[in-house]
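*Asks:* need a 3D model of the following:
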Amino acid sequence: MLIKRILYPFLHPTRRNSSTMVRFLGQQDAIKIDEELFNDYKFSVDQLMELAGLSCATAIAKCYPADTIGKKAILICCGPGNNGGDGLVCARHLQLFGYTTKIFYPKRTEKPLYTNLVHQANASNAVLLEKLPQQSDIDSNYGLIVDALFGFSFKPPVRDSFKPVIELMKCSKVPLVSIDIPSGWHVEDGKPDDGIDPEMLISLTAPKQCAQTFTGKYHYLGGRFVPPQLEDKYKLNIPQYPGTECCVSLK
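*Replies:* Next up, the predicted model:
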């Protein structure tokens, strides 16, 4: 595993220029950057969530075009925090992009931000599921699963109430996309022995250290909102986004 971490930048040379390399953040720096975005740069939670969710939907559409999924739905599994909020926004935009999205959101919060996101998703014809689909239903009727359970504030172990969702994502034959952090992974150490294995990872703001051990097919960076001064302070070396794109491939 250590070898993979050392070699990752050379195997996947995402560069701003020939002398800089995108930085992988530890948990504490990721938390500090979020706090500075809110406190110093005056972003609101819902503003960043909208930009992050849109970039996730855009990256998914690039890698899994609607015609490759056909009439099958996308299952979006949302947790109770900001990562789940990103998933709700992502579901709405995917629905507007022409996909059929179904949301499993078992631990809902009554905060207005999240109730509004649920309302908006419903208004875009995304379906809110009352229970987790069976494995056979997933493999037959879904073309993609989006993991939006836990973000970079997660600390193991996974709570019992979320274990059935994690198990479904582990066992399904359907491609899995994780938003920012593969749920259940340690933010810095990466995948546990019994962890999920996503085909696609969409890092937000900047990739986290666990992404150095990611071996899936697609790795994108989304959330084109980092002020230049903040990028310089933390030496993030974010790669240039092409044109007006809100996401960029890291792999």
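
*Asks:* and the nearest residue to Arg108 once chain neighbours are set aside, what pLDDT?
*Replies:* Nearest non-adjacent residue to Arg108, counting by Cβ to Cβ, 6 or more residues apart in numbering: Tyr114, 6.7 Å away. Where you see a C-beta, it was placed from the backbone N, CA and C, and this is true even at glycine. Note for Tyr114: predicted pLDDT of 96.

*Asks:* so which strand or helix has Tyr114?
*Replies:* Per DSSP states H and E, Tyr114 falls inside helix 112-123.

*Asks:* got the buried residues for stretch 52-65?
*Replies:* Residues 52-61, 63-64 are the ones in stretch 52-65 that count as buried (16 or more other Cβ atoms under 10 Å).

*Asks:* send me it as CSV with only the CA atoms.
*Replies:* Extracted in CSV, the C-alpha atoms of stretch 52-65 (Å, rounded to 0.1, in the frame of the first residue of the first chain):
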residue,chain,number,x,y,z
ALA,A,52,-20.4,20.4,-5.6
GLY,A,53,-23.5,18.5,-6.5
LEU,A,54,-23.6,20.0,-10.0
SER,A,55,-20.0,19.0,-10.6
CYS,A,56,-20.7,15.5,-9.4
ALA,A,57,-23.6,15.1,-11.8
THR,A,58,-21.5,16.5,-14.7
ALA,A,59,-18.6,14.1,-14.0
ILE,A,60,-21.0,11.2,-13.8
ALA,A,61,-22.6,12.2,-17.1
LYS,A,62,-19.2,12.3,-18.8
CYS,A,63,-18.3,8.8,-17.7
TYR,A,64,-21.7,7.1,-17.8
PRO,A,65,-23.7,8.7,-20.6
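
*Asks:* which outside residues touch that stretch?
*Replies:* 74, 85-90, 92-94, 97, 99, 143-144, 146, 175, 177, 179, 200, 202, 204, 217-218, 220, 222-224, 245-247 (Cβ atoms under 8 Å, 6 or more residues apart in numbering).
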